[in-house]
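J.: Kindly return the folded structure for what I paste below:
(chains A and B)
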Amino acid sequence: MSLLGKALVVIEKAVKIPLFDCRMCGQCILHSTGLVCPMRCPKNLRNGPCGGVLVNGHCEVYPDRPCVWVEAWDRSQRLPRWRDHMTRLNPPVDWRLQGTSSWVNLVSGRDRQVPTGWPTAGQGAHGLGVVSSLPPGENRDPGLGP
Amino acid sequence: MSGPPAPSPPRSRLEALLRAGHFVVTAEMQPCNGADPEEVRRHAMELRGRVDAANCTDNPAARPHLSPLAAGHLVAETGLESIVQLTCRDRNRLALQADLLGVAALGVRNGLLLTGDGVSAGDHLETRPLFDLDSLHLLRVAHVLRDQGVYLSGRVLSSRPSFFIGAVENPFAPPHDFRPLRLAKKVEAGAEFVQMQICFNLPRLREFMARAVDLGLLERVFILVSVYVARSTRALRFLRDVVPGIDVPDAVMARFERTPSDRQSEEGFRLALETVAALREIRGVSGVHLISIKGQDAIIRLVEAAGLLPRPDPDNGVPAPVQNGEAGQLPADLKAGLGAA
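T.: Coordinates of the predicted model:
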């Protein structure tokens, strides 16, 4: 790593760890998750909360702490932008990037590299894009019921 | 039946029954703490003919048990269809892909892909949990293996696995307004059926289902809801306080607390019966998933008392559902989307 690269890691850590309890995954999606670092989730979830969230909104692994994803959902909906990002399907973590600067990876495009077998982001497995294309509240019920 | 025609034969009998419009019944099989295949077969034979498919859990509550792949294979050999659960807790992406192929090779027709309980719920607290992928990643990986015929790396398979892809969702856990969107994400990732968490809170479930309708999910995924047969107030309290993500409303708890201890088991059974009956009336609920602990007797009794028998004979094809009208309500033809992919 170049000296500049190392310096950026130091600066990024100095800024993001105190502010966001950042885990330096190197592929930052903070803006998509209400500025709550998803890597604080003990299950490393990148796509929303697990089913074990306690009735009071706390984490099943650390019952004294609020669930990271409950916070992410609440805060994401209060942000002026990126609210719809919570419905995006985020790709698997590239663990090689752990400890590197997400700023460098953003500029270089490295953080957008996904495994060959992972279909293009936004293009649903079923090709219909139900999540990304659907504004909340829009009724797409085709009236198949009684 | 509404919905577009299916472009491919169903991957499993469960899928065929759902597509035909049956109100299906699945159950959680008792996990085995040993290596005796007879124990698995005995559990399977108890359920065979009484439920349409049985779940083989994957180290439930983060406690090791007989492998779900082995159990799923043994169950399938008895003629009862199995649903093998795979969690992201104990396997990285290599092992998960290997096991997805293994599941299909062993004759298991359904996979249920989930994140998994944290290791803090179990009896090996010192272990290192993996969580390399999350459940949505795993759903997508299964879908890619099956329909694109490649590993996540892009390396090509020599033959494609076939299975019906299932997920779980918990409408009863916060953040409640995000849960239907999370199910939509799972459908996007590849889920074709979903088994939802144990339901004690019908109003909450109805809200979730209404939102699922709004999101157009009913014609993309089949939804089953779990029903638990509680044996006592103590068991219910344990479920509420110790098992993460279970919502037992105060009114339900109070109902049990009012009941004398010698009648609590009957009260639990009656609550389960009422829940099954209520679920059958909710639009978009395609079946129930029955759970009891310490033995399967309660499940067997419940299936009978709830009027869910006879089940379609597993040795014969898939008959038309007896109650017509159900079929029209639940088209959910998944293959519509798959054809477009």
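J.: Which residue comes closest to the residue in chain B that chain A sits nearest to once chain neighbours are left out?
T.: Closest residue of chain B to chain A, CB to the nearest CB: B:Gly154 (2.7 Å). Backbone N, C-alpha and C define where each C-beta goes, glycine included. Using CB to CB, 6 or more residues apart in numbering or on different chains and skipping the chain neighbours, the partner closest in space to B:Gly154 is A:Thr116 (2.7 Å).
J.: next one: B:Gly34
T.: B:Leu66 (6.9 Å).
J.: count of neighbours near the one you found?
T.: The local packing of B:Leu66 (other CB atoms under 10 Å in any protein chain shown) involves 20 other residues.
J.: Quick check, pLDDT for the residue of chain B closest to chain A.
T.: In the predicted model, B:Gly154 carries a pLDDT score of 95.
J.: who are the neighbours in contact with it?
T.: By CB atoms under 8 Å, 6 or more residues apart in numbering or on different chains, the residues touching B:Gly154 are A:Pro115, A:Thr116, A:Gly117.
J.: Which of those residues ranks first by neighbour count?
T.: Most crowded among the contacts of B:Gly154, counting by other CB under 10 Å, is A:Gly117 at 19 neighbours.
J.: mind checking the SS state of it?
T.: coil (DSSP: H, G, I helix; E, B strand; the rest coil).
J.: Which of the three states applies to the residue lying closest to it once chain neighbours are set aside?
T.: In space, and not counting its chain neighbours, A:Gly117 is closest to B:Leu152: 4.2 Å by CB to CB, 6+ apart. Three-state call for B:Leu152 (three-state DSSP): coil.
J.: Ramachandran angles for the residue lying closest to B:Glu39 once chain neighbours are set aside?
T.: Distances taken as CB to CB, 6+ apart put B:Cys32 closest to B:Glu39, at 4.9 Å, once the chain neighbours are dropped. Main-chain dihedrals, B:Cys32, degrees, to the nearest 10: phi -100, psi 140.
J.: ok, how many other residues are close to residue 43?
T.: I'll assume chain A. A:Lys43 has 25 nearby residues by other CB under 10 Å.
J.: my bad, the chain I had in mind was chain B
T.: Neighbours around B:His43, by other CB under 10 Å: 24.
J.: Now do the same contact list for the residue nearest to B:Gly154.
T.: Contacts for A:Thr116 (CB under 8 Å, 6+ apart) come out as B:Val150, B:Leu152, B:Ser153, B:Gly154.
J.: Can you report how many residues neighbour A:His85?
T.: Neighbours of A:His85 (other CB under 10 Å): 16.
J.: What segments of chain A are helices?
T.: Applying DSSP state H to chain A gives helices spanning A:3-20, A:68-76, A:102-108, A:130-133.
J.: Please enumerate the strands of chain B.
T.: Assigned by DSSP state E, the strands in chain B fall at B:24-28, B:53-56, B:81-87, B:110-114, B:164-169, B:193-198, B:222-228, B:285-291.
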